[in-house]
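1. with the sequence up front, the predicted model follows.
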Amino acid sequence: MFQLDDKFLEEVGLATMPDEQRKPFLSHLYDELELRVGTRLSEGMSDQQLSEFESIIDRNSNVINNWLSRHVPNYVEDAGFMQLQQKSGLDANDNNLVAEYVATKWLEVNRPDYRDIVASVLGDLKKEIFDNRQTILGQ
């Protein structure tokens, strides 16, 4: 997994970015990455798939519970769920934890290439930032 942090800024040539600009810049990058990944992932999906995934992202408990009962009825025993729970420190019944797990599992089922897409989009974004680092830094 990747993190948008000081190490990331170093990798793209922005290690000298002033502290007060780092957090807003990284927040903007996260939003941009999310938009670009979402756009790429949606290519080739049906309207039904897009609607279902959007409902999962929006934390629609009916859609989440229906999807779980169809695909992973014993999700609390799934290694991926247990790892996510341990990492987050949240209770197994926490709605945000369950929704995050379902979103990940949904992508594994419907877009098994999603990790490759994230890596590709992130790589493109890194290159774009690196190529424009002087402008970003105001130099």
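-> Structure received. Numbering: from 1, shown residues only.
2. and the gap between P112 and E10?
-> Going from P112 to E10 by C-beta to C-beta, to the nearest Å gives 32 Å. In short, each C-beta sits where N, CA and C put it, glycine included.
3. and the two? which has more neighbours close in?
-> For P112 versus E10, the count of surrounding residues by other C-beta atoms under 10 Å is larger for E10: 12 against 9.
4. in contact with that one, which residues?
-> By C-beta atoms under 8 Å, 6 or more residues apart in numbering, the contact set of E10 is empty.
5. off-centre distance for whichever strand or helix holds it?
-> Element membership for E10, per DSSP states H and E: helix 6-11. Remark: helix 6-11 is offset 19 Å from the chain centroid, using C-alpha atoms, centre = their mean, to the nearest Å.
6. check which residues of it are buried.
-> The neighbour-count check on helix 6-11 (16 or more other C-beta atoms under 10 Å) flags 8-9 as buried.
7. and that helix, average pLDDT?
-> Averaging pLDDT along helix 6-11 yields 94.
8. cool, stretch 86-103 as well?
-> Average pLDDT, stretch 86-103: 94.
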